[in-house]
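Enquirer: 3D model of this:
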Amino acid sequence: MAAISVQHLVTKLEELKQEMDAGNLRHGEYDQRLARLIGELRERKVEADRAEVIASLDKLLADGTITPSVKTHMIARLGLD
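Expert: Residues are numbered from 1 along each chain as shown. Reported below is the predicted structural model:
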């Protein structure tokens, strides 16, 4: 399987945020989809280095797309810490 681009990761996280904001997802559903995304990232790898992934997560955190706990969780689960 091909590696996942950082842009794909960003797009998926933005889509999750939009669905939450629209009321289409409950917190449990958000958590499940986030877990699936992380699993996909771990399986297929991210087509970027650690610094690029962290920078992208920092931007998403700054614009409110993800919370600090989501960023911390993703960094830990992806082995970027």
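Enquirer: hey, let's count contacts and neighbours off CA atoms from now on
Expert: Noted.
Enquirer: how close does residue 4 sit to residue 44?
Expert: 7 Å (CA to CA, to the nearest Å).
Enquirer: an error on my part: the question was meant for residue 25.
Expert: Taking CA to CA, one finds residue 25 at 26 Å from residue 44.
Enquirer: the more surrounded of those two?
Expert: More neighbours surround residue 25 than the other of residue 25 and residue 44, with 16 against 13 (other CA atoms under 10 Å).
Enquirer: that one contacts residue 18, doesn't it?
Expert: No - in this structure, residue 25 is not within contact of residue 18 by CA atoms under 8 Å, at 9.4 Å.
Enquirer: residue 74: what secondary structure?
Expert: What DSSP: H, G, I helix; E, B strand; the rest coil gives for residue 74 is helix.
Enquirer: does the closest residue to it other than its chain neighbours belong to a helix, a strand or coil?
Expert: Leaving out its chain neighbours, the residue that sits closest to residue 74 by CA to CA, 6 or more residues apart in numbering is residue 38, at 7.0 Å. Per three-state DSSP, the local secondary structure of residue 38 is helix.
Enquirer: name all residues that make contact with the residue nearest in space to the middle of the chain.
Expert: With distances taken as CA atoms, centre = their mean, residue 13 lies nearest the centre of the chain, 4.9 Å away. Residue 13 makes contact with 65-66, according to CA atoms under 8 Å, 6 or more residues apart in numbering.
Enquirer: all set now, cheers.
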